[in-house]
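A.B. asks: This is the structure alone, sequence omitted:
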């Protein structure tokens, strides 16, 4: 089944690069829901999410000629979308020095705080209540699978800050879940 998906993705990209009518619409239709969900997780509000989403698709279509057919097209597009979201947040000064505390000697106990039974809609609602720094690190680490080193590099913060933000996000989410 994975081969079939890969073949379909390859054909979509080749059709788009060849200028075939409707190729861009097919790509958009297939991936818009998953990419918009990413933008909603990072954005401070729905209007900003829509802007991030639109900018991400513009970037995707501009860079599609660079796609190397290594890994899935969806994964490649998700990475561009996340990077677009992070670029937007940086421009909004969401990562000011005073917005993210840096605890150099802070030891973070990594334990799961979110139930596997939690519905994605409920998680999204709770994530939107988190401060931007907490939400961004949580998204990158838990949902996107970035390491703390990668997060630190992407956000221009220390690894300890990334760990602290994740710890605080999990702690806050856990408190909200207990109250519900």
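C.D. replies: Perfect, thanks for sending it. Please read these numbers as outputs of a predicted model, since none were measured by experiment. Residues are numbered from 1 along each chain as shown.
A.B. asks: How is the protein divided into domains?
C.D. replies: Domain assignment for the chain, taken from automatic domain parsing, gives 2-91, 94-180.
A.B. asks: I'd like the mean pLDDT over the first one, please.
C.D. replies: Yep, that's domain 2-91 we're talking about. Across domain 2-91, pLDDT averages out at 90.
A.B. asks: could we number from 734 for the rest of this?
C.D. replies: Renumbered: residue one is now 734, and that last one reads domain 735-824.
A.B. asks: can you redo the domains of the chain as a markdown table with mean neighbour count?
C.D. replies: Every residue, glycine included, has its C-beta placed from N, CA and C. Shown next, in a markdown table, are the domains of the chain (neighbours: other CB atoms under 10 Å):
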| stretch | mean neighbour count |
| --- | --- |
| domain 735-824 | 16 |
| domain 827-913 | 16 |
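A.B. asks: so where do the helices sit in the protein?
C.D. replies: 735-750, 756-775, 779-796, 806-824, 853-862, 865-871, 881-888, 892-912 (DSSP state H).
A.B. asks: and the shortest one, what does it pack onto?
C.D. replies: Applying 3 or more CB pairs under 8 Å, 6 or more residues apart in numbering; DSSP states H and E, we find helix 865-871 packed against helix 756-775, helix 806-824, helix 853-862, helix 881-888, helix 892-912.
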